[in-house]
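Student: My questions concern the predicted model and sequence given below.
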Amino acid sequence: DKIQASIHSEKSYFIFLKRFIRVQRNFRTTIHQYTLNFLFGTKISTVDDCLKSLPPISFVSLTEIGDYYDNSYLVDVIGFSIGVRTEREYERNCST
């Protein structure tokens, strides 16, 4: 698997072209309500390779985040996620 071959336990990585989705209750393997899906075009780069292109970072207190908490978003306290969208459900052959 190309993703497992790209990851080593002693390094930090940026993962591009990923998708966070809400886990269906029947298939939940952890207590977390979201899962991280890798797409065909997913690319993994070490943090060292990507530091040059990062946007400016601003820090806020945890209490400030708590005042505006919206549980429809996945909050990542380590990095950031781009393109949060509403959940969609598709139907095929009379099943979702």
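Tutor: All right, it came through fine. These numbers were taken from a predicted model, which means no experiment stands behind them.

Student: which regions of the chain sit below the pLDDT cut-off?
Tutor: Scanning the chain for pLDDT under 70 picks out 1-3, 6, 13-41, 48-60, 62, 65-86, 95-96.

Student: make it 50
Tutor: The chain contains no residues with pLDDT under 50.

Student: quick check, A5 in a helix?
Tutor: Yes: assessed with DSSP: H, G, I helix; E, B strand; the rest coil, A5 lies in a helix.

Student: Distance check, it against T63.
Tutor: A5 sits 42 Å away from T63, going by CB to CB, to the nearest Å. Where you see a C-beta, it was placed from the backbone N, CA and C, and this is true even at glycine.

Student: repeat for T42
Tutor: T42 is 35 Å from T63, by CB to CB.

Student: And the two? Which one has more around it.
Tutor: Taking neighbours as other CB atoms under 10 Å, T42 and T63 compare with T42 leading, 15 against 7.

Student: three-state assignment of E64?
Tutor: Per three-state DSSP, E64 ends up helix.

Student: Would you enumerate the residues in contact with it?
Tutor: If a contact means CB atoms under 8 Å, 6 or more residues apart in numbering, then E64 has no contacts.

Student: One more: N93?
Tutor: Going by CB under 8 Å, 6+ apart, N93 touches no other residue.

Student: Just read off the phi/psi values of it.
Tutor: phi 50, psi 50 (degrees, to the nearest 10).

Student: separation between it and E87?
Tutor: 21 Å.

Student: same question, K11
Tutor: For K11 relative to E87 (CB to CB), the value is 32 Å.

Student: With adjacent residues omitted, what lies nearest to K11?
Tutor: Leaving aside its sequence neighbours, K11 sits nearest to T46 (CB to CB, 6 or more residues apart in numbering; 5.5 Å).

Student: tally of neighbours for that neighbour?
Tutor: 14.

Student: quick one, which of K11 and E87 is more surrounded?
Tutor: K11 (10 against 7).

Student: Test my guess that the more buried one contacts S45.
Tutor: No: with contact defined as CB atoms under 8 Å, K11 does not reach S45; the gap is 10.3 Å.
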